[in-house]
Structure formats: C-alpha cells, structure tokens
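Participant: output the structure for:
(one chain, ligands or ions: 1)
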Amino acid sequence: MRAVDSTVSVRHEPVLLAETLRFLLAGEGLYLDATLGDGGHAGALLEAEPRARLLACDRDPAALAFAGGRLARFGDRVMIRHATFRELPGVHRAAGGELLAGALFDFGLSSRQIDDPARGISFQHDGPLDARMDPTSGEPLHARLARADEGELARVLREYGDVRGAGRLARAIVAEARAGRLRTTRELAALVGRVSGGDRPKTLAPVFQALRIWTNDEMTDVDAALAWLPDAMRDGATVVTLSYHSGEDRRVKHALRGAPRVESKRRLPAMDGGEAAGPWEERTRRVVTAPTAEQWENPRARSARLRAFRRKPR
Ligand SMILES: C[S@@+](CC[C@H](N)C(=O)[O-])C[C@H]1O[C@@H](n2cnc3c(N)ncnc32)[C@H](O)[C@@H]1O
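Facilitator: As a prediction, this is how the structure comes out:
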C-alpha cells in the first residue's frame with residue numbers, strides 16, 4: 001500500500017457558484033451552509049452580502065479546520081460547527097434559533113476528501129477501506145463489511161449504485177471481508193474486477209459510491225435535514241441544493257415538492273414551477289446544470305443538479 005499522505009492539497013472548486021448565490025442571497029440575516037467543505041460557497045456568500053451571518057457546518061473535522069482558517073477574516077459573522085445533517089436542529093437551536101435567511105446543501109464529497117488516500121473513498125488511490133466523511137465517528141467500511149448481511153449489501157449496491165450482478169458481488173464481498181482479506185481500496189477494486197469481469201472506472205465507481213453512501217448513512221441524513229427545514233427558514237427564504245447522485249436529487253424533489261417519496265426511478269409527473277401544496281414554492285422550473293465551460297474546468301460539476309425552493313409565507 002502507498003504511504004498515506006494526509007496533507008492533501010487539492011482545493012475544492014465550488015460548483016455553480018454564481019447561480020447558487022443568485023438564488024440564495026436575500027439581504028440581512030443568518031444563513032446556513034450545511035456542507036461547508038473547503039468554504040468556497042461560504043466565503044463567496046459572506047463577501048457578496050456584507051449583512052449576512054453564517055452558521056457553517058460539516059461532519060468532517062478536517063473540512064472545518066481548513067475552511068475555518070479560510071473564513072477567519074470574517075470574524076464573528078461566521079459560526080463553525082461540527083454536525084451531520086441530522087444534528088442541525090440542535091446546533092441551530094444552540095446558536096440562537098434565528099429563522100434562516102437562506103440555506104445551502106452542496107451534497108456529497110469535496111475533492112479534498114476524494115483525493116486523500118487516507119480516507120479510503122476512491123478506487124483511484126490505495127488506502128485503508130474506510131470511506132467515512134467523519135473519521136472520528138462510526139466504523140470504517142472494512143469493519144462494517146465484515147459483519148454485513150449479504151441481502152442488505154446487495155440492496156445497497158443496487159439502490160445506490162445500480163450495480164449489475166449485485167447479489168453475486170455482495171456474496172463475494174461478505175466472504176472476503178469476514179476472512180479479513182478486504183482491508184484496502186485496492187483489495188476491493190481487485191475483488192470487483194474478479195467477480196464483475198473488469199476493473200475499469202465504469203465498473204468500480206458505482207460500487208465504491210454505493211458503499212460510501214451506505215457507510216455514511218447519507219440518504220437518512222438528507223431526509224432528516226429536509227424534514228426539519230420548513231420550521232427553520234423564514235418566510236421567503238430559499239434553500240439551494242446541489243446533488244451529484246440521482247438518489248439525493250430524487251429525495252430533494254419529493255421532500256420539497258410535497259409529493260410522497262418514491263424509491264424507484266419512475267418519472268414524476270411534471271410539477272416544475274407548479275403550485276405544490278406544501279410549504280415550498282419551486283424556483284427552478286427546470287433543474288440547473290453547470291455551463292459547458294465549468295464542466296470542462298471542473299469535472300465534479302458535470303453531474304451537478306441545482307434546485308432552489310422558496311419558503312412560502314406561514
Ligand atoms: C461538495 S462538499 C462542499 C463543498 C463546499 N460547498 C465548498 O464550496 O467548498 C460537501 C461537504 O459536505 C459534507 N457533508 C456531506 N454529507 C454531510 C452530512 N450528511 N452531514 C454533514 N456534512 C456532510 C462533506 O463532509 C463535505 O465536506
């Protein structure tokens with residue numbers, strides 16, 4: 001295994017920055033950035049609106065340390081807190097509970113996390129099979145796999161990665177993990193190659209993605225945050241979401257449009273810009289994607305889907 005280098009210096013480029021600020025900014029008030037990351041969106045928001053204050057959260061302590069340094073120049077306009085989405089209600093209450101002027105959820109991972117071999121997130125780097133966004137909490141992926149239920153694992157691979165032959169792969173993963181032979185990203189990549197007949201990015205990426213989502217219980221967190229938001233936002237305030245995975249985007253659509261959540265990828269009735277019954281008015285008639293130039297410069301922007309919803313008057 002290659003030596004672990006935790007001084008990764010890849011800076012995360014904020015995605016769809018101008019569009020995000022255009023929807024988000026609404027004058028004076030307390031804003032929430034629930035996914036601080038490198039602090040790119042956060043710094044731009046504080047610069048663009050001098051009357052904005054920011055509650056900036058992330059579950060990754062390393063992100064908080066890095067972004068905290070970057071945002072220090074904004075002084076007490078920024079409150080930085082370690083929190084997963086499901087902890088946001090408590091953190092927000094403890095910070096005074098002022099209704100939010102806007103909220104941003106830039107889901108998924110930062111480039112810094114993906115490119116750090118010590119995180120064990122990417123098949124492109126060899127490292128411990130960990131995959132946690134917060135290495136101080138929960139258990140690494142290899143430990144979870146060693147006590148995983150084969151059926152649950154197959155469901156995870158199917159639901160979060162659309163993995164073909166999920167049952168066969170789940171069986172092989174569980175057997176290797178229990179035998180203690182699945183402790184690094186390279187070992188997992190090699191196993192997927194043997195079982196699924198290839199170790200190309202096209203085959204590996206969905207498997208690693210699905211297992212990362214499972215390790216971090218990402219979808220449960222997204223649901224918890226979206227359910228809390230209507231009570232936390234002031235009338236007229238906008239929440240902007242940036243999704244990189246169809247599962248997140250589906251959850252956003254269903255939670256904020258007020259429709260019952262459907263787990264399958266069946267198309268929803270056309271509701272863009274429509275009058276939903278819930279507390280939200282949709283501001284993005286169609287999902288916003290990154291302009292071609294941004295997609296060229298920043299490959300992460302290619303899968304980004306931006307949606308914006310305004311809190312209706314109570
Ligand atoms: C795409 S990055 C955000 C990048 C940021 N907008 C910027 O401009 O630098 C996503 C960040 O959200 C954090 N995150 C993802 N899911 C989370 C969750 N459920 N709870 C808290 N933080 C989460 C990750 O740790 C990561 O730092």
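Participant: contacts and neighbour counts: CA atoms only from here.
Facilitator: OK.
Participant: what number of residues lie near the residue in the stretch 51-200 of the chain that the ligand sits nearest to?
Facilitator: Of all residues in the stretch 51-200 of the chain, residue 84 sits closest to the ligand, at 3.2 Å by CA to the nearest ligand atom. Number of residues near residue 84 (other CA atoms under 10 Å) recorded here: 22.
Participant: next: residue 170.
Facilitator: The burial count for residue 170: 23, using other CA under 10 Å.
Participant: and it, what element?
Facilitator: helix 166-178 (DSSP states H and E).
Participant: quick one: contacts of stretch 226-242?
Facilitator: 20, 23-24, 26, 89, 97-107, 252, 255-256, 279-280, 304-314 (CA atoms under 8 Å, 6 or more residues apart in numbering).
Participant: picking up where we left off before, how far does the helix holding residue 170 sit from the chain's center?
Facilitator: Between the centre of helix 166-178 and the centre of its chain there are 26 Å (CA atoms, centre = their mean, to the nearest Å).
Participant: name the surrounding residues that touch that helix.
Facilitator: Residues contacting helix 166-178 (CA under 8 Å, 6+ apart): 142-143, 145-151, 153-155, 157-158, 182-183, 188, 191-192, 195-196.
Participant: please, a ChimeraX command that selects the buried ones among those?
Facilitator: What follows is the ChimeraX syntax selecting those of the contacts of helix 166-178 that are buried according to 16 or more other CA atoms under 10 Å:
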select :142,143,145,146,148,150,153,154,155,157,158,182,183,188,191,192,195,196
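Participant: which of the contacts of helix 166-178 come close to the ligand?
Facilitator: Among the contacts of helix 166-178, none lies close to the ligand by the criterion of CA under 6 Å from any ligand atom.
Participant: what is the rounded mean pLDDT of the helix holding residue 170?
Facilitator: The pLDDT scores in helix 166-178 average 97.
Participant: so which bits of it are buried?
Facilitator: For helix 166-178, burial by neighbour count (16+ other CA under 10 Å) applies to 166, 167, 169, 170, 171, 172, 173, 174, 175, 176, 177, 178.
Participant: and the residue nearest to residue 159 when sequence neighbours are not counted, how far is that from residue 217?
Facilitator: Ranked by CA to CA, 6 or more residues apart in numbering and with sequence neighbours excluded, the top spatial neighbour of residue 159 is residue 210, at 7.8 Å. For residue 210, the distance to residue 217 (CA to CA, to the nearest Å) stands at 10 Å.
Participant: what do you get for residue 123?
Facilitator: Residue 123 is 20 Å from residue 217, where distance means CA to CA.
Participant: more neighbours: which of the two?
Facilitator: Between residue 123 and residue 217, counted using other CA under 10 Å, the more crowded position is residue 123 (26 against 12).
Participant: isn't the more buried one up against residue 187?
Facilitator: No. If you go by CA atoms under 8 Å, residue 123 and residue 187 don't touch, sitting 9.7 Å apart.
Participant: mind listing what's buried in stretch 101-115?
Facilitator: Under 16+ other CA under 10 Å, the buried positions of stretch 101-115 are 101-108, 110-115.
Participant: can you redo those as a markdown table with secondary structure and distance to the ligand?
Facilitator: Output for the buried residues of stretch 101-115, formatted as a markdown table (DSSP: H, G, I helix; E, B strand; the rest coil; distance: CA to the nearest ligand atom, whole Å):
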| residue | secondary structure | distance to the ligand |
| --- | --- | --- |
| 101 | strand | 17 |
| 102 | strand | 14 |
| 103 | strand | 12 |
| 104 | strand | 8 |
| 105 | strand | 8 |
| 106 | strand | 5 |
| 107 | coil | 5 |
| 108 | coil | 5 |
| 110 | coil | 4 |
| 111 | helix | 8 |
| 112 | helix | 8 |
| 113 | helix | 7 |
| 114 | helix | 10 |
| 115 | coil | 12 |
